[in-house]
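K.L.:
Sequence first, then the predicted structure:
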Amino acid sequence: MVNLREIDRQFRPSDRQPGINNEGRGGIEQFFRDAGSAIFNTGQKGKRYLEASDPDNKGFFRAPNQYDADMARFAGNSATSSGEFIGDMLQIPFEAAGQTIGLDVGSGQGFGDIPYFFGQTGLSPNQEENQRLQTESLNEAYGNFPDFTNSTSLINDPLFQDYLQNVKGYNVGENFGPNEFYNMVIEPNIPTLEQFEQNSLFDKNSYTSNEEYENYLNNQYQKSIIPQENKLYSELVEPFREYSIENSVSNLAEQLGISDQLANSLLMGEGANYDLGLLNDAFAEDAYRPLDYATEEGEEFFTDPIMQGAGDLFGFAKLQGLVNRALQSTNTIRKTAGQVYPMASKMDTSIPLNYNPFKANVGTFKKSLRIPGISSPLVRSGAQTYGLMSLADQAGFGTDEYGRRYMKD
């Protein structure tokens, strides 16, 4: 649906104004400057779209064109994206229930990285400690990462030797170093001097002496095998680079109790890319928008994050109304399917009173106690969703002795 990350990027340009404190008053001023800049950019795109759609200023008297078709496509894309979002939200209770009983369903497990996210904000009393731990863990990961700029250092690295032993199957001994690496890994895969000579077309008789020929042969041999040695080394090191990254990601994720997705984004310096657990599909950046725009100005304007967000919110309001009416269409639907979606079906948490199983109205309640606010459908919906997601979260995650989350096997 709404691309929250893209809107955030647009509101948060990298070129901050010098001298502006991003905390307190300065931070608020900066936010409004960024927001104003983003809205202005969207307005400029809209102006270009309108000017291109009606260059002669004929207004309502002009003939329909591709720009009008782009506006219709925008409405269709907004409706599709909103429908996808509503569908993703409607399936969450069933996915949460499935995860609770051990089924492999849903776009993520339970709350995912959401608890970690709140732990990094001012909403957590341990915010400073959590941020310190993240900084220390990242520095440790960077410090332990192999040095790929120095072949000797890399060959002596325990992780590289572990990779050779357990992934590539080489018998790495205790005193393994550059010489052992060359003899074991490189040398068996290049031709010997004798093989090189046999395959060459050198005429030994054309040289004045054997010494001259030997020198020339050795020189040509070295020129021949150096590219082969470099190629063999690169073919081994490049996969190890990916292996090292995966190992660092896995270690950081375990150390901080976060997903590999978030750990990878932190290590790569890309900004926190949180795993939202069961909410992944609903808030995915790649919302389904099946219709391509025909004009350059329409593409620019209607794919703007603010325009997409506004269109999605409008489409959501319309489609949500249809879902609400469907769940309230009959009393039977409201009291069955509506129980799963209490806010849409207006099912509250009223406390039943005056229940008498010995009268004719078996199983029914004539009166109920409804506490304003507490008994509202909104409160019940929030509590019900949170409860189901908590059960799914507990089914997929555990907590170690240090209070860190970990994914259960």
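P.N.:
Sure, I can see it. Small disclaimer: the values here were computed from a predicted structure and weren't measured.
K.L.:
pLDDT weak spots in the stretch 301-409 of the chain?
P.N.:
Applying pLDDT under 70 to the predicted model, the residue ranges of the stretch 301-409 of the chain that meet it are 350-369, 401-403, 409.
K.L.:
Strands along that one, start to end?
P.N.:
Secondary structure of the stretch 301-409 of the chain (DSSP state E, counting those that start in this stretch): strands located at 351-353, 367-369, 397-399, 405-407.
K.L.:
which of the residues in the third one are buried?
P.N.:
If I follow you right, that is strand 397-399. Of the residues in strand 397-399, those buried under the neighbour-count criterion (16 or more other CB atoms under 10 Å) are F397. (C-beta placed from N, C-alpha, C; glycine too.)
K.L.:
what do you get for the last one?
P.N.:
Residues of strand 405-407 classed as buried by neighbour count (16+ other CB under 10 Å): R405.
K.L.:
What pairs with it, parallel or antiparallel?
P.N.:
strand 397-399 (antiparallel) (DSSP bridges).
K.L.:
Touching the strand it pairs with from outside, list them.
P.N.:
109-110, 405-408 (CB atoms under 8 Å, 6 or more residues apart in numbering).
K.L.:
now do stretch 241-250
P.N.:
Applying CB under 8 Å, 6+ apart, the contact partners of stretch 241-250 are 141, 144-146, 148, 159, 163, 167, 260, 263-264, 267.
K.L.:
Quick check: PyMOL command selecting the buried ones in those residues.
P.N.:
Only the buried entries of those go into this PyMOL selection, using 16+ other CB under 10 Å:
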select buried, resi 141+145+146+159+163+263+264+267
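K.L.:
Surely Q99 forms part of a helix?
P.N.:
Yes - Q99 sits within a helix when classified using DSSP: H, G, I helix; E, B strand; the rest coil.
K.L.:
quick one: it and G110 touch, right?
P.N.:
Yes - proximity of Q99 to G110 meets the contact threshold set by CB atoms under 8 Å, at 6.8 Å.
K.L.:
intersection of neighbour lists for the two?
P.N.:
With contacts defined as CB under 8 Å, 6+ apart, the residues shared by Q99 and G110 are 278, 392, 395-396.
K.L.:
which two from those end up farthest apart in space?
P.N.:
The largest distance within the shared contacts of Q99 and G110, taken as CB to CB, falls between L278 and A395 and amounts to 11.7 Å.
K.L.:
Look at these two and report which has more neighbours.
P.N.:
A count of neighbours by other CB atoms under 10 Å puts L278 above the other of L278 and A395, at 28 against 18.
K.L.:
so what's that one up against?
P.N.:
When the contact criterion is CB under 8 Å, 6+ apart, the partners of L278 are 92, 95-96, 99, 106-112, 389, 392.
K.L.:
now, which of the residues you listed sits nearest P125?
P.N.:
P125 has its nearest neighbour among those in F111, at 19.0 Å by CB to CB.
K.L.:
Is that closest one part of a helix or strand, or is it coil?
P.N.:
coil.
K.L.:
D275 is in contact with that one, correct?
P.N.:
No - using CB under 8 Å, F111 and D275 do not qualify as a contacting pair, with a distance of 9.3 Å.
K.L.:
Format the contacts of stretch 241-250 as JSON lines; extra columns: secondary structure and distance to Q220.
P.N.:
Compiled in JSON lines, the contacts of stretch 241-250 are given as follows (DSSP: H, G, I helix; E, B strand; the rest coil; distance: CB to CB, whole Å):
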{"residue": "A141", "secondary structure": "helix", "distance to Q220": "46"}
{"residue": "N144", "secondary structure": "helix", "distance to Q220": "43"}
{"residue": "F145", "secondary structure": "coil", "distance to Q220": "39"}
{"residue": "P146", "secondary structure": "coil", "distance to Q220": "34"}
{"residue": "F148", "secondary structure": "coil", "distance to Q220": "31"}
{"residue": "L159", "secondary structure": "helix", "distance to Q220": "37"}
{"residue": "Y163", "secondary structure": "helix", "distance to Q220": "34"}
{"residue": "V167", "secondary structure": "coil", "distance to Q220": "35"}
{"residue": "D260", "secondary structure": "helix", "distance to Q220": "49"}
{"residue": "A263", "secondary structure": "helix", "distance to Q220": "50"}
{"residue": "N264", "secondary structure": "helix", "distance to Q220": "46"}
{"residue": "L267", "secondary structure": "helix", "distance to Q220": "45"}
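K.L.:
So, low pLDDT: which residues of the protein?
P.N.:
Within the chain, the set of residues satisfying pLDDT under 70 comprises 1-32, 59-61, 350-369, 401-403, 409.
K.L.:
Setting aside sequence neighbours, what's the nearest residue to the residue nearest the centre of it?
P.N.:
The residue lying closest to the centre of the chain (CA atoms, centre = their mean) is N273, at 4.8 Å. Spatial nearest neighbour of N273, excluding adjacent residues (CB to CB, 6 or more residues apart in numbering): S265 at 3.7 Å.
K.L.:
Can you report how many residues neighbour the one you found?
P.N.:
By the other CB under 10 Å criterion, the neighbourhood of S265 contains 18 residues.
K.L.:
just F111 next, same as before
P.N.:
The number of residues packed around F111, counting by other CB under 10 Å, is 24.
K.L.:
what residues are up against D275?
P.N.:
Contacts for D275 were tallied using CB under 8 Å, 6+ apart; they are 108, 112-113, 258-259, 261-262.
K.L.:
Then R405?
P.N.:
Under the criterion of CB under 8 Å, 6+ apart, the contact list for R405 reads 115-116, 257-258, 397-399.
K.L.:
how does it look with 6 Å?
P.N.:
R405 sits next to 257, 397, 399 when contact means CB atoms under 6 Å, 6 or more residues apart in numbering.
K.L.:
for D104, phi and psi?
P.N.:
According to degrees, to the nearest 10, the main-chain angles of D104 amount to phi -90, psi 80.
K.L.:
distance of it from M389?
P.N.:
As judged by CB to CB, to the nearest Å, D104 and M389 stand 16 Å apart.
K.L.:
quick one: which of these two has more around it?
P.N.:
Comparing D104 with M389 by neighbour count (other CB under 10 Å), the higher total belongs to M389, at 25 against 7.
K.L.:
what helix or strand does the closest residue to the more buried one other than its chain neighbours sit in?
P.N.:
Leaving out its chain neighbours, the residue that sits closest to M389 by CB to CB, 6+ apart is A96, at 5.3 Å. Per DSSP states H and E: A96 is located in helix 66-100.
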